[in-house]
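Colleague: below is the sequence, then the predicted model.
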Amino acid sequence: MLVGVVCIGFSAIFTRLADVPGVVSAFYRVFIASAALVPLWLLRGFPLPDRRTLFLSLVAGVLFGIDLSLWNVSLFLTTAANATVLAYLAPVWVGLGTLFILKEKLQRSYWPGTVLAMVGMITIVGIDKMRAAELGWGNTLAVIASFFYAGYLLTTQVVRSKSGTLAFTTISVLASTATLLTIALARGERLGGFSPQTWAALLALGLISHAVGWLSLNYALGHAKACTVSVSLLGQPVITALAAIPILGETLSLNQIAGGVLILAGIYLVNRT
């Protein structure tokens, strides 16, 4: 889980460095990841799950594709740290989904830890920016993306009980690729003619942030509940904000530092039991 959080923490950095429309970078993120995962899957004997599990794997991929398209667009309408933080409202929706959809109990520390982490996110963004009138399109798209992200995590928890990590990740990534290609073509996005720097950033995004990152997290989701993983993923904005200092030239405010400490405290609280 830690490896996955670190790898995904750099996704906002690679996306900004690619400097292409958000939907385009999202498409190449999953396309490059699928190009790396499919050969591995074939070498493992091309195992297919039962029909219900296969269907849910495809649904998970579609949900993730929509999430990525919204989040990647938001990165260019707000700061990398803010887009990451707001997209990770997902633990709230995951917690509610665990209770009312999966009918499972949450550990006692879940809501206190989540609330603490949420306070950290609000601290980073700033209370004034959380007002609807000042939220802005970038932050709004990131919040909407969090609903689809939560749906992906909950679906993954269900699927991983009956499917291996590699098979599920490959199938879901292929579904995400098809979803994002459809969105990119519908928007009339240009999918070629990029600079070497852009291709290098897209390659890193697909291989490091997605292939390695989500193989690690999907493995974790086979051994831990989605609610626990979703809160742990809140460590991503801390990594993103720190990496953005030397790479993107962004600076950390006192609010961001204090918010990061609260987020990490919330993650610890949820994972200690």
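Modeller: That came in fine, so what should we check first?

Colleague: now the helices for the stretch 151-273 of the chain?
Modeller: Assigned by DSSP state H, counting those that start in this stretch, the helices in the stretch 151-273 of the chain fall at 165-186, 196-204, 213-220, 226-232, 236-248, 254-271.

Colleague: any idea which of these is most buried?
Modeller: Mean neighbours per residue, mean count of other C-beta atoms under 10 Å, is largest over the helices of the stretch 151-273 of the chain for helix 226-232, with a mean of 27. C-beta here means a position set from N, CA and C on the backbone, and glycine is covered the same way.

Colleague: just checking, what packs against that helix?
Modeller: helix 90-100, helix 110-125, helix 136-160, helix 254-271 (3 or more C-beta pairs under 8 Å, 6 or more residues apart in numbering; DSSP states H and E).

Colleague: to Val30, which of these lies closest?
Modeller: For Val30, the closest of the helices and strands packed on helix 226-232 is helix 136-160, at 12.3 Å, according to C-beta to C-beta.

Colleague: for that closest one, buried residues please.
Modeller: Neighbour counts over helix 136-160 (16 or more other C-beta atoms under 10 Å) mark 138-142, 144-160 as buried.

Colleague: check stretch 63-74 too.
Modeller: 63-74.

Colleague: what is the least confident helix or strand in this protein?
Modeller: Lowest mean confidence among the helices and strands of the chain (mean pLDDT, DSSP states H and E): helix 80-87, at a mean of 70.

Colleague: what sits closest to Ser163 if chain neighbours are left out?
Modeller: Pro49 (4.4 Å; C-beta to C-beta, 6 or more residues apart in numbering).

Colleague: helix, strand, or coil at that neighbour?
Modeller: coil (DSSP: H, G, I helix; E, B strand; the rest coil).

Colleague: in CSV: the helices and strands packed on helix 226-232, plus distance to Pro237 and mean pLDDT.
Modeller: Formatted as CSV, the helices and strands packed on helix 226-232 follow (distance: least, C-beta to C-beta, whole Å; pLDDT from 0 to 100):
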stretch, distance to Pro237, mean pLDDT
helix 90-100, 12, 90
helix 110-125, 7, 83
helix 136-160, 11, 89
helix 254-271, 7, 86
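
Colleague: wait, which of these is closest to Arg190?
Modeller: Going by C-beta to C-beta, the one of the helices and strands packed on helix 226-232 nearest Arg190 is helix 136-160, 21.0 Å.

Colleague: mind checking how far the closest one is from the chain centre?
Modeller: From the chain centre to the centre of helix 136-160 is a distance of 8 Å (C-alpha atoms, centre = their mean, to the nearest Å).

Colleague: for that helix, name the packing helices and strands.
Modeller: Using 3+ C-beta pairs under 8 Å, 6+ apart, helix 136-160 is in contact with helix 51-74, helix 80-87, helix 90-100, helix 165-186, helix 226-232.

Colleague: and the first one, average pLDDT?
Modeller: So the one you mean is helix 51-74. Averaged over helix 51-74, pLDDT sits at 92.

Colleague: give the residue farthest from the middle of the protein.
Modeller: Gly45 (28.5 Å; C-alpha atoms, centre = their mean).

Colleague: next up, phi/psi of that residue, please.
Modeller: phi 100, psi 10 (degrees, to the nearest 10).

Colleague: so Trp71 touches Ala142, yeah?
Modeller: Yes - with contacts counted by C-beta atoms under 8 Å, Trp71 reaches Ala142, the gap being 6.0 Å.

Colleague: overlap in contacts of those two?
Modeller: Shared between the contact lists of Trp71 and Ala142 (criterion: C-beta atoms under 8 Å, 6 or more residues apart in numbering) are residues 83, 87.
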